[in-house]
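A.B. asks: Following is a predicted model, sequence given first.
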Amino acid sequence: MAAGSKDRRERAAAAREAAQAGEKRRERTVRIIGAAAVVVVVAGIIGAAVIARNSDSGSASGVEVVEPDPNAPVPEGAFGADSQWAYGVPYGTGSENVPVLELWEDFQCPACASLEEANGAGMAELAETGVVQLVWRPTGFLDRNLGNDASNRAIGAWGCAMDAGFTREFHDALYASVPEVEGDGWPNEDFIAIGEQIGISGSDLDTFEQCVDDGIYRPWAANSTQEFYDANVGGTPFGTINGQEVPNATLADRAALLAAVTEAAGS
């Protein structure tokens with residue numbers, strides 16, 4: 001057990017060093033390129049949006065396929081099956097009187113990672129200041145496309161982090177760690193290292209690790225993915241404000257998104 005903890009600490013330290021190095025590179029890029037970088041990122045999001053395959057596609061071979069289960073537990077804070085946003089994850093302080101920003105994402109989706117890099121903080125800020133109700137809608141449809149189960153396991157691990165009180169932290173850290181090679185995914189030990197990196201510790205870390213390894217919330221992930229199919233969403237990332245589709249270019253731009261939310265609030 002001590003050796004495992006040491007390994008996790010070493011992985012967490014390595015992850016922190018990589019994140020710090022990446023942050024320094026991003027800061028240099030912003031200083032040098034300025035606004036042009038935003039244009040490139042937005043173009044990448046628009047051009048690389050991942051398209052969903054039909055829900056009747058064959059199961060990925062050689063991986064564990066977890067089926068939807070309406071009786072499965074949901075993480076702390078997530079919506080249940082009877083909600084308008086079934087199995088979604090609300091975030092922020094927005095009241096029922098402000099616009100609802102829904103965002104469908106797959107943790108393996110590179111365009112989703114680009115969107116989060118471009119304006120994830122902006123969307124979270126709108127939610128934290130009560131300007132919108134933000135609802136993250138997780139989907140694992142890319143597992144079928146890529147022949148793995150990494151998206152389902154990532155969503156399940158996120159649920160474990162939600163129980164520990166690290167909803168946004170784990171969400172953001174996962175998108176910051178999307179593998180460079182699409183389809184490589186993450187082993188479970190990476191989720192544990194990320195959890196430790198963002199501050200889950202002590203007995204909470206032990207509980208988190210057990211939750212991840214047991215796949216407690218993988219059926220919840222499958223339920224949310226089925227909602228994605230049932231809603232006939234064409235791909236990810238996909239956002240709406242009060243049910244009306246929002247272009248990815250708007251989602252990726254802080255000022256443009258605020259303008260769209262302000263317009264929706266006044267209509």
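C.D. replies: Everything's here; your move.

A.B. asks: so residue 225, which of the three states?
C.D. replies: helix (DSSP: H, G, I helix; E, B strand; the rest coil).

A.B. asks: Kindly state the pLDDT recorded for it?
C.D. replies: Looking at residue 225, its pLDDT reads 98.

A.B. asks: next one: residue 88
C.D. replies: Note for residue 88: predicted pLDDT of 98.

A.B. asks: contacting residues for it?
C.D. replies: 78, 79, 102, 135, 136, 137, 138, 224 (CB atoms under 8 Å, 6 or more residues apart in numbering). Every C-beta, even on glycine, is put in place using the N, C-alpha and C of the backbone.

A.B. asks: Ok, residue 163 next?
C.D. replies: 75, 76, 207, 208, 211.

A.B. asks: one more time with 7 Å
C.D. replies: 75, 76, 211 (CB atoms under 7 Å, 6 or more residues apart in numbering).

A.B. asks: mind checking the backbone torsions on the closest residue to the second one other than its chain neighbours?
C.D. replies: This means residue 76. Sequence neighbours aside, residue 163 is the residue nearest to residue 76 in space, at 4.8 Å (criterion: CB to CB, 6 or more residues apart in numbering). When read as degrees, to the nearest 10, the backbone of residue 163 gives phi -60, psi -30.

A.B. asks: Please flag which of the contacts of residue 88 sit within helices.
C.D. replies: residue 224 (DSSP state H).

A.B. asks: got CSV for the contacts of residue 88, with neighbour count and distance to residue 261 too?
C.D. replies: What follows is the contacts of residue 88, written out as CSV (neighbours: other CB atoms under 10 Å; distance: CB to CB, whole Å):
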residue, neighbour count, distance to residue 261
78, 24, 23
79, 17, 21
102, 22, 12
135, 22, 14
136, 22, 16
137, 24, 17
138, 28, 22
224, 28, 24
